[in-house]
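Student: Based on what follows, work out the 3D shape:
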Amino acid sequence: MSNDNALFEDDFEMEFEDDFDSALATVLDESAEVEDVDLDAPMKDLDEFEPEDTLQEAAPIVYSDHEEGGYRAIPAISAIAFCETSRTTQLMEAVANDRRMTQANVSTMEGGLEAAIAYLSENTTPNLLVLESSAPNATMIAQIDELASHCDEGVQVMVIGSTNDIGLYRQLMARGVSEYLVPPVAPVQIVRSISQLFADPDAPFVGKSISVIGAKGGVGASTISHNLAWALSESTHVNTALIDLDLSFGTTALDFNHENQQTVADALLAPERVDDAVVSKLLSKVTDRLSLFTAPATVSQIMDIPAHSYSTIVDTVRRVMPFVVLDLPHAWNEWTYQTLLGSDEVILVCQPDLASLRNGKNMIDELKAQRPNDAPPKLVLNMMGVPKRPEIPTKDFAAAIDVEPSIVLPFDPQLFGTASNNGQMISETNAQADASVAIDQLAGDLTGREVVMQQKSLLSKLLGK
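Tutor: Numbering: from 1, shown residues only. Take a look at the predicted model:
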């Protein structure tokens, strides 16, 4: 994302003193979406095409991360990719390492269709075959026919070819080929295609999970997550659940002025008893579109909850809500790490200081390494422009952390303080404030929906949101 998408940075950039420049230098020393042809579009009869006719005029599919649903893990399938080029071999290796493919067994072999025929004539058929072929159309079809004689019934076949030809496509589909792709192809496109091929039609819906975490304590991650959940529900009109996972110190109940006897801890302590119906009852509605899972916010009990309990409860909420915002505490342990790795989107909140830069860079580098086919974490720079405080300028912070900020929020203690004291969100306090507009922008980016500007008054809150 370009610097044009970061808001308000010019007003709040401050010059470093020499010692701050030196400290920054020390820290630095230490440390597409692909378009594909719409093959499902209505097709002309073959006799209307000359041999040179292709699908170039067909409307392309633009793969987007804005679907109101999250990624579903691929089941424990076996897959073999027979590749002709090193590019496709690298592509399939990236697919095999994708976080959604952890249960699948994917291997690659050289030689394309000829190698596949030789292999399957002597070996059992996997669940999925990925075949690369640059052969002429007639040769490819003949090889597919020969390969079919060695395949078990029910095998899924994906072909990566070099010819964007509707006639070839229809012949392949007639022979039972499941998918035909023409490079360039991104790993996530292959993963999505595999997911569609092996999706259980009776499997429950899976909502999109958005984890929000601070690079250090006190950067305002909870405030961002709460206001983002509000913006998703009220400004982009999607049903959203906010889960406060800071069990001892969570502030969701305070920020929304909404107490609930049952908290997320009740579900986490007995995840085996929580199903879709139970979680729907435990979620507390604050608006028609926004529901809360508040934290107990008590230190009288130390809750040592295993990581699988968190994933079980989050997955259950995702089955009943299209968007789920997770307010994560500033911690680095097994369950926070696994939650971040499994999220559809990660939002990292930082302040323009060295500790945020160091911690944020470490976290982003780790998540990029473990989620190579996902978009990098989104960066929110918060509390920019504190008077008399030396700050890292936005452009330097972005260059060092290697992620452009999605939004930059100005230091506005009156706005945030008034909202907090009133148990409101900032857009209810002042929908036209720079911070309100920026968070609405982030909600729009996450959903792909147009933001609907609304002004919520204190009176409307008292009468019911």
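
Student: neighbours around residue 297, how many?
Tutor: If you count neighbours by other CB atoms under 10 Å, residue 297 ends up with 17. Any C-beta I mention is one placed from the backbone N, CA and C, and that applies to glycine too.

Student: Look at the closest residue to it other than its chain neighbours and report its pLDDT.
Tutor: Distances taken as CB to CB, 6 or more residues apart in numbering place residue 250 nearest to residue 297, at 5.2 Å, with adjacent residues excluded. Model confidence at residue 250, given as pLDDT, is 93.

Student: I figured residue 250 was touching residue 244, is that so?
Tutor: Yes - with contact defined as CB atoms under 8 Å, residue 250 reaches residue 244; the gap is 3.8 Å.

Student: neighbour-wise, which of those two wins?
Tutor: Taking neighbours as other CB under 10 Å, residue 250 and residue 244 compare with residue 244 leading, 28 against 24.

Student: residues in contact with the residue nearest to residue 297?
Tutor: For residue 250, the contact set (CB atoms under 8 Å, 6 or more residues apart in numbering) comprises 222, 244, 294-297, 327, 329.

Student: for this structure, which spans come out with low pLDDT?
Tutor: For the chain, residues meeting the criterion pLDDT under 70 lie at 1-73, 199-204, 453-465.

Student: Let me see the ranges of the strands in the stretch 51-200 of the chain.
Tutor: 60-62, 78-83, 105-110, 128-133, 156-161, 179-181 (DSSP state E, counting those that start in this stretch).

Student: just the CA coordinates of the third one, formatted as PDB?
Tutor: Backbone C-alpha positions of strand 105-110 (Å, rounded to 0.1, in the frame of the first residue of the first chain) are rendered in PDB as follows:
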ATOM      1  CA  ASN A 105       0.500 -34.500   1.700                       C
ATOM      2  CA  VAL A 106       1.800 -32.700  -1.400                       C
ATOM      3  CA  SER A 107       4.800 -33.900  -3.500                       C
ATOM      4  CA  THR A 108       6.200 -32.700  -6.800                       C
ATOM      5  CA  MET A 109       7.800 -34.600  -9.700                       C
ATOM      6  CA  GLU A 110       9.400 -33.500 -12.900                       C
END
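
Student: can you list the residues that contact that strand?
Tutor: Contacts for strand 105-110 (CB under 8 Å, 6+ apart): 76-84, 89, 92-93, 95-96, 115-116, 119.

Student: ok, now with 10 Å
Tutor: Outside of strand 105-110, the residues within contact range by CB atoms under 10 Å, 6 or more residues apart in numbering are 74, 76-86, 88-93, 95-98, 115-116, 118-119, 126-128, 130, 132, 190, 194.

Student: ChimeraX command for the buried members of those residues?
Tutor: Typed into ChimeraX, the line below selects the buried ones among the contacts of strand 105-110, using 16 or more other CB atoms under 10 Å:
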select :74,77,79,80,81,82,83,84,88,89,91,92,95,96,98,115,116,119,126,127,128,130,132,190,194
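
Student: out of the contacts of strand 105-110, which are inside helices?
Tutor: Mapping those onto helices (DSSP state H) picks out 86, 88-93, 95-96, 115-116, 118-119, 190, 194.

Student: Could you tell me which residues touch both of residue 250 and residue 244?
Tutor: What both residue 250 and residue 244 touch, as defined by CB under 10 Å, 6+ apart, is the set 222, 263-264, 293-297, 327, 329.

Student: got the buried residues for the top helix by length along the chain?
Tutor: Ranked by residue count under DSSP H, the longest helix found in the chain is helix 354-370. Using 16+ other CB under 10 Å as the test for burial, helix 354-370 gives 354, 356-361, 363-364, 367.

Student: now, which of those sits nearest residue 418?
Tutor: Nearest to residue 418 among the buried residues of helix 354-370, counting by CB to CB, is residue 356 at 25.3 Å.

Student: Would you mind finding the most buried of the strands of the stretch 51-200 of the chain?
Tutor: Stretch with highest mean neighbour count among these: strand 128-133 (a mean of 24; mean count of other CB atoms under 10 Å).

Student: So what are the sheet partners of it and their directions?
Tutor: Applying DSSP bridges, strand 128-133 is found paired with strand 78-83 (parallel), strand 156-161 (parallel).

Student: would CSV of those with distance to residue 391 be doable?
Tutor: Formatted as CSV, the entries for the strands paired with strand 128-133 read as follows, by distance: least, CB to CB, whole Å:
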stretch, distance to residue 391
strand 78-83, 49
strand 156-161, 49
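
Student: how near is the most centrally placed residue in the chain to residue 207?
Tutor: Closest residue to the average C-alpha location of the chain: residue 344 at 2.5 Å, with CA atoms, centre = their mean. Computed as CB to CB, to the nearest Å, the residue 344 to residue 207 distance reads 9 Å.
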